[in-house]
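Asks: Predicted model follows, preceded by the sequence.
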Amino acid sequence: MMGASIIGLLFVLVFGVLGIGGTILWIWMLIDCAMNEPSEGNDKIVWILVILFTHWIGALIYLLARRPRRKEIVGH
């Protein structure tokens, strides 16, 4: 009985930390995109919508795919 409650607590802690971390990443990438993405064409709006509607998956895609390229081209 005690083992099941410990496993349940660990399950809640792990997924709670992942959920909070994903939400923090999502907010950080939304702010980064809104503040630093150049306003050429529709790129900024498209990236904001991708991040907004796909939550942490879109934020991770932006972080790994677009952000390094933007820093290389724009410098920030």
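Replies: In hand now; what should we look at? Residues are numbered from 1 along each chain as shown.

Asks: ranges for the helices of this protein?
Replies: 2-36, 43-61, 67-73 (DSSP state H).

Asks: Adding mean pLDDT and mean neighbour count, write these out as CSV.
Replies: In short, each C-beta sits where N, CA and C put it, glycine included. Shown next, in CSV, are these (pLDDT from 0 to 100; neighbours: other C-beta atoms under 10 Å):
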stretch, mean pLDDT, mean neighbour count
helix 2-36, 91, 12
helix 43-61, 93, 16
helix 67-73, 78, 12
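
Asks: how about the nearest residue to residue 26, chain neighbours excluded?
Replies: Spatial nearest neighbour of residue 26, chain neighbours left out: residue 59 (4.5 Å); criterion: C-beta to C-beta, 6 or more residues apart in numbering.

Asks: From what I see, the one you found and residue 29 are in contact.
Replies: Yes: using C-beta atoms under 8 Å, residue 59 makes contact with residue 29 at a distance of 3.8 Å.

Asks: Quickly list what's touching both of the two.
Replies: residue 51 (C-beta atoms under 8 Å, 6 or more residues apart in numbering).

Asks: sorry, back to before: residue contacts, the residue nearest to residue 26?
Replies: Applying C-beta under 8 Å, 6+ apart to residue 59 gives the contacts 22, 25-26, 28-30, 51.

Asks: Looking at those residues, which is nearest residue 2?
Replies: Residue 2 has its nearest neighbour among those in residue 22, at 30.6 Å by C-beta to C-beta.

Asks: Quickly note the distance from that closest one to residue 63.
Replies: Distance from residue 22 to residue 63, counting by C-beta to C-beta, to the nearest Å: 12 Å.

Asks: Name the nearest of the contacts of residue 59 relative to residue 9.
Replies: Using C-beta to C-beta, residue 22 is the member of the contacts of residue 59 that lies nearest residue 9, at 20.3 Å.

Asks: Find the nearest non-adjacent residue to the closest one, please.
Replies: What sits nearest to residue 22 in space, not counting adjacent residues and going by C-beta to C-beta, 6+ apart, is residue 56, at 3.5 Å.

Asks: Fine by me, thanks again.
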